[in-house]
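**Q** Sequence and predicted structure, then a few things I'm wondering about:
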Amino acid sequence: MARIASRVSQLNGEGALAVYSRAKELELQGRSIIHLELGEPDFHPAPPVVDGLRSAVAAGRDRYCSTRGVPALREAIADYLKRTRRVDATAEQVIVAPGCKMALSLAMMALIEPGDEVLFPDPSFPIYPSFARGLGATAVPYWLEEKNKFQPDVDEIARQITPRATMLIFNSPNNPTGTVFSDEVLQKVAMLATKHDLWVIADEIYARILFSGEYKSIRSLPGMTERTVIIDGFSKSFAMTGWRLGYAVAPEEVIDAMDLLVLNTFTCAAEFTQVAAIEALRDSTNAVEAMVAEYRKRRDQFVAGLNQIPGFRCQAPDGAFYAWVNIEDTGLSAEEVQKLLLEEAGVAGIAGAAFGPGGKNYLRFSLVSARNLLEEALERMQRVSVHWRTAVSR
């Protein structure tokens, strides 16, 4: 029998989708489920974005287009990055892809050789180590620990670097912890990358979802423009998950390599979504600011409530839209708590091991439901906590 390529066996899936599937099964049985498992905003794109899409389709913008992305969108992305995070980039340093995962995959395919070592945060988005392994690299974790407020320990990262290390990946604000890496951490990581000649992939998909302060991109630091690849897109900040549109910002030689991969894979992202995305970047209705303000209210409400549940401990996230809850004091595993919450309370969250071994004592909840539903989720969890209250009170 013909075989499946061995590289596929190195890949893993996403735990959130398995929980979502079970939650949908329960709903088909008539159960009420509050969905806090997926990282999908409950908002929709602003009206000018939808209008832009309609106009683009009506105007016939539904043909093949530039493999690198519509020039007007690449110019708009460069302007947007300068305006929102002080990153100086040109349109020639931008490539557009159908989703951030594809932009990330293109960058990794362009830069990773079999046998390389790729450093990545744990816990984090599970596709980082998965795709690195699929390319024949060794995925090397560095830990984000609660005792450090989930900031990376740069000394630990330094100890992990060997002559085979070629890339460091990070994500700030981080999924699942909500941590925004400090200026000090960024500067030290930049120094390590320069010293050891590492590529840095900076996943900045949550950069606009900050609850205080101004976002700082590692690309803006001295010496980092030539070794940094920014991954970003429209799914989170602009609530355009199903539109499948992301991009990368990188040195031109990296963009050239990624463009060749585009030619050999998907040819181009849909033109009409790219035209509409220009409207999203303009944000003429201040939709992003309003959405972040609502996420901030949800964070404050939900984290306070989580910390009232016996055995739960949650630090308030600095960005993104997740609550990362330590459940160790319940005396149960995260998988057991996840199952109890879903099967008995009808609240869908994700056991933290889905984001790596560093998440084994945690649950992740997404702040993607209205505040009245979050309040109901808290009430349901409080009731189900009867299963472990005895252990907490010992």
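**A** Ah, there it is. Numbers count the residues shown, from 1 in each chain.
**Q** Kindly export stretch 198-211 (C-alpha atoms) in PDB.
**A** What follows is stretch 198-211, C-alpha atoms only, in PDB (Å, rounded to 0.1, in the frame of the first residue of the first chain):
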ATOM      1  CA  LEU A 198      19.100  33.800  15.000                       C
ATOM      2  CA  TRP A 199      16.000  34.500  13.000                       C
ATOM      3  CA  VAL A 200      13.200  35.900  15.100                       C
ATOM      4  CA  ILE A 201       9.500  35.200  14.200                       C
ATOM      5  CA  ALA A 202       7.400  37.700  16.100                       C
ATOM      6  CA  ASP A 203       3.800  36.600  16.100                       C
ATOM      7  CA  GLU A 204       2.000  39.900  16.600                       C
ATOM      8  CA  ILE A 205      -1.500  38.800  15.800                       C
ATOM      9  CA  TYR A 206      -2.800  40.200  19.200                       C
ATOM     10  CA  ALA A 207      -0.700  43.400  19.100                       C
ATOM     11  CA  ARG A 208      -3.700  45.700  18.900                       C
ATOM     12  CA  ILE A 209      -5.500  44.000  21.800                       C
ATOM     13  CA  LEU A 210      -3.700  45.600  24.700                       C
ATOM     14  CA  PHE A 211      -5.300  46.700  28.000                       C
END
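**Q** residue ranges with poor pLDDT in the stretch 251-394 of the chain?
**A** Residue ranges of the stretch 251-394 of the chain with pLDDT under 70: 393-394.
**Q** Can you pull the domain assignment for the protein?
**A** 6-44+287-387, 47-282 (automatic domain parsing).
**Q** I'd like these laid out as CSV, including mean neighbour count.
**A** C-beta here means a position set from N, CA and C on the backbone, and glycine is covered the same way. Listed next are the domains of the chain as CSV, based on neighbours: other C-beta atoms under 10 Å:
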stretch, mean neighbour count
domain 6-44+287-387, 18
domain 47-282, 19
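**Q** Now do the helices in the stretch 51-200 of the chain.
**A** For the stretch 51-200 of the chain, applying DSSP state H, counting those that start in this stretch gives helices covering 71-85, 100-111, 127-134, 154-160, 183-196.
**Q** so which of the ones you listed gets nearest S235?
**A** S235 sits nearest to helix 100-111 of all those, at 6.5 Å, using C-beta to C-beta.
**Q** by contact count, what packs against that closest one?
**A** strand 94-97, helix 127-134, strand 165-171, strand 199-203, strand 228-233, strand 246-249, helix 252-263 (3 or more C-beta pairs under 8 Å, 6 or more residues apart in numbering; DSSP states H and E).
**Q** how far does stretch 228-241 stretch from start to finish?
**A** 25 Å (C-alpha to C-alpha, to the nearest Å).
**Q** actually stretch 141-159, sorry about that
**A** In stretch 141-159, first residue to last residue: 11 Å (C-alpha to C-alpha).
**Q** Repeat that for stretch 55-66.
**A** 20 Å.
**Q** So what touches it?
**A** For stretch 55-66, contacts defined as C-beta atoms under 8 Å, 6 or more residues apart in numbering pick out 267-272, 274-276.
**Q** Pull the most distant pair out of these.
**A** So, these by C-beta to C-beta: farthest apart are T267 and A276, at 19.3 Å.
**Q** Could I get the contacting residues of P126?
**A** By C-beta under 8 Å, 6+ apart, P126 lies in contact with 12-15, 354-356.
**Q** now the contacts of stretch 55-66 as a markdown table including secondary structure?
**A** Shown next, in a markdown table, are these (DSSP: H, G, I helix; E, B strand; the rest coil):
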| residue | secondary structure |
| --- | --- |
| T267 | coil |
| C268 | coil |
| A269 | coil |
| A270 | coil |
| E271 | helix |
| F272 | helix |
| Q274 | helix |
| V275 | helix |
| A276 | helix |
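**Q** can you redo these as CSV with distance to A23?
**A** Listed next are the contacts of stretch 55-66 as CSV, based on distance: C-beta to C-beta, whole Å:
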residue, distance to A23
T267, 36
C268, 35
A269, 31
A270, 30
E271, 35
F272, 32
Q274, 33
V275, 35
A276, 31
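**Q** of the residues you listed, closest to I161?
**A** Using C-beta to C-beta, the contacts of stretch 55-66 come closest to I161 at A269, 35.0 Å.
**Q** contacting residues around the nearest residue to that closest one once chain neighbours are set aside?
**A** Among residues not flanking A269 along the chain, P98 sits closest, at 4.7 Å (C-beta to C-beta, 6 or more residues apart in numbering). Taking C-beta under 8 Å, 6+ apart, we find P98 in contact with 244-246, 266, 269-270.
**Q** same deal with E146?
**A** Residues near E146 by C-beta under 8 Å, 6+ apart: 315, 326.
**Q** now it: how far from N307?
**A** 14 Å (C-beta to C-beta, to the nearest Å).
**Q** which SSE is A280 in?
**A** helix 271-282 (DSSP states H and E).
**Q** Now do that helix against strand 228-233, angle only.
**A** Angle between the axes of helix 271-282 and strand 228-233 is 100 degrees (criterion: axes from the mean of the first three to the mean of the last three C-alpha atoms, to 10 degrees).
**Q** I'd like to know which elements helix 271-282 is packed against.
**A** On a contact count with 3+ C-beta pairs under 8 Å, 6+ apart, helix 271-282 meets helix 47-58, helix 71-85.
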